[in-house]
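Engineer: 3D, please:
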Amino acid sequence: MPVETDNYRSIIRLDHELNQIQDLDLLLERILLEARRVVHADAGSIYVKEWVKEEDRRVEKLVIKYAHNDTLQQKLPPGQKLVYSVFALDINEKTISGYCGATKKLVNVADVYHIPEDAPYSFSTSYDRIAGYKTVSTLAIPLMTADSRLMGIIQMINAKDEKGNIIPFSRDDEFVISHFAVNATVVLQRAYMTRAMILRMIKMSELRDPKETGPHVNRVAGYAVEIYDKWAVHQHIAETERERFRDTLRIAAMLHDVGKVAISDIILKKPARFTSDEYLIMQHHTIYGAALFDDIQSDLDIISRDIALTHHENWDGTGYPGWIDPVTEEPIKTDAGGNPLGRKGEEIPLTGRIVAIADVYDALCSKRIYKEAWTEEQVLEEIRQLAGKKFDPLLVECFFQSLHNIKQIQALYPEQNEHPE
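Structural biologist: Purely as a prediction, here's the structure:
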């Protein structure tokens, strides 16, 4: 019974650890990682049921959120994450994961290349050819709520024994992963509620400012986490501290422009560039946003305030709003004329410096009423040119080191995948 005991202890430990994670995306990735560890899977994917736009209608599909593969990961340079294709599966009986989602039942296949002829599902070998990887055993588990709603699918690939040989997933694996999935679904529901509350706040901004969309804030938050990860590795920050900070940063970064709710529609919805006077008014969204987090209750409040207030500050001190109290709107440090001095260099909180890069990158990549999206070459050249002027030079390096992961996040959150209420 020692292996079973270890599994049960792992699940109890994981229940506690997963409950500490607030952000949905970070939780999904952690659930996939821990599910693989519990059943000793070499690879795996996690899918979430989402509404996806197809031509003139929306349909529910299983959308891949994260994929892991230890064998392929080992071939990459240290610190580089595996890049995977972002795609959606139909919830029907044609594929293994689709069948799992349609029937809401666990599916255990010993060898995907020798599926019984009477099985309703099949396996497309094209995935293996593209990845350069051989899938053998697979285990798909539905993530079900207490009222039998499907939230997603975890698919484990290639169970391994102690010698590293690929083996089928066992009955014990089925039992353990099913128990894990039940607990994971509970914490996922809580994370969805947190995300929903944040996106409702974003929708308030979106009603005022069409640029402030759910996909935009998800992309900016995702980019911010990737940039932070690279910075934290360079700074030798412990993994436990990195995880805790990433969780808070991602949620706070989504709220970077929440202060726009206090800006006039005449300015926010203007289909052209601002005049100098309008630009000065627009700058106040940083102060209004920071003031929302004045009643500090947690680290999330502190980081949200710092990001809202300082994500438009510039490394060379030319940004806004400068040294100003967001509650009283009184200057803290002034120049000879009594105007607030701009923050510069490391006077700007790390989180504000990170989100500054993430926000500008996404804005340049996106089409606006008054401009077309820039080409990738133009965007990257602009980021390089702004290092040491608008942006922290070290964080620009971290941005470029994270670029392949950032492109992945772009694919995960396209504008057309906005969900209906």
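Engineer: all strands of the stretch 1-150 of the chain, in order?
Structural biologist: Listed from the start of the chain, the stretch 1-150 of the chain has strands (DSSP state E, counting those that start in this stretch) covering 41-54, 57-69, 88-90, 107-109, 138-144, 150-160.
Engineer: can you add mean neighbour count, mean pLDDT and distance to residue 356 and give those strands back as JSON lines?
Structural biologist: In short, each C-beta sits where N, CA and C put it, glycine included. Below are the strands of the stretch 1-150 of the chain laid out as JSON lines (neighbours: other Cβ atoms under 10 Å; pLDDT from 0 to 100; distance: least, Cβ to Cβ, whole Å):
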{"stretch": "strand 41-54", "mean neighbour count": "20", "mean pLDDT": "92", "distance to residue 356": "30"}
{"stretch": "strand 57-69", "mean neighbour count": "19", "mean pLDDT": "92", "distance to residue 356": "27"}
{"stretch": "strand 88-90", "mean neighbour count": "17", "mean pLDDT": "92", "distance to residue 356": "33"}
{"stretch": "strand 107-109", "mean neighbour count": "21", "mean pLDDT": "97", "distance to residue 356": "46"}
{"stretch": "strand 138-144", "mean neighbour count": "24", "mean pLDDT": "97", "distance to residue 356": "36"}
{"stretch": "strand 150-160", "mean neighbour count": "23", "mean pLDDT": "97", "distance to residue 356": "33"}
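Engineer: residue 320: what's its closest spatial neighbour, skipping adjacent residues?
Structural biologist: residue 283 (4.6 Å; Cβ to Cβ, 6 or more residues apart in numbering).
Engineer: the one you found touches residue 321, doesn't it?
Structural biologist: Yes - in this structure, residue 283 is within contact of residue 321 by Cβ atoms under 8 Å, at 5.9 Å.
Engineer: so what sits against both of the two?
Structural biologist: Shared contacts of residue 283 and residue 321, defined by Cβ atoms under 8 Å, 6 or more residues apart in numbering, comprise residue 312.
Engineer: same drill for the two, tell me which one is more crowded.
Structural biologist: Counted by other Cβ atoms under 10 Å, residue 283 and residue 321 do not tie: residue 321 has more neighbours, with 21 against 16.
Engineer: if I look at the more buried one, how far off is residue 337?
Structural biologist: Distance, residue 321 to residue 337, using Cβ to Cβ, to the nearest Å: 16 Å.
Engineer: ok, now residue 142?
Structural biologist: According to Cβ to Cβ, residue 142 stands 64 Å off from residue 337.
Engineer: any buried residues in stretch 340-347, and which?
Structural biologist: In terms of neighbour count (16 or more other Cβ atoms under 10 Å), stretch 340-347 has its buried residues at 340, 342, 343, 347.
Engineer: which of the residues you listed fall within strands?
Structural biologist: Within the buried residues of stretch 340-347, no residue falls in strands by DSSP state E.
Engineer: so which pair among those residues is furthest apart in space?
Structural biologist: Within the buried residues of stretch 340-347, 340 and 347 form the most distant pair, 12.3 Å apart (Cβ to Cβ).
Engineer: spatially nearest residue to residue 41 (excluding sequence neighbours)?
Structural biologist: residue 156 (4.0 Å).
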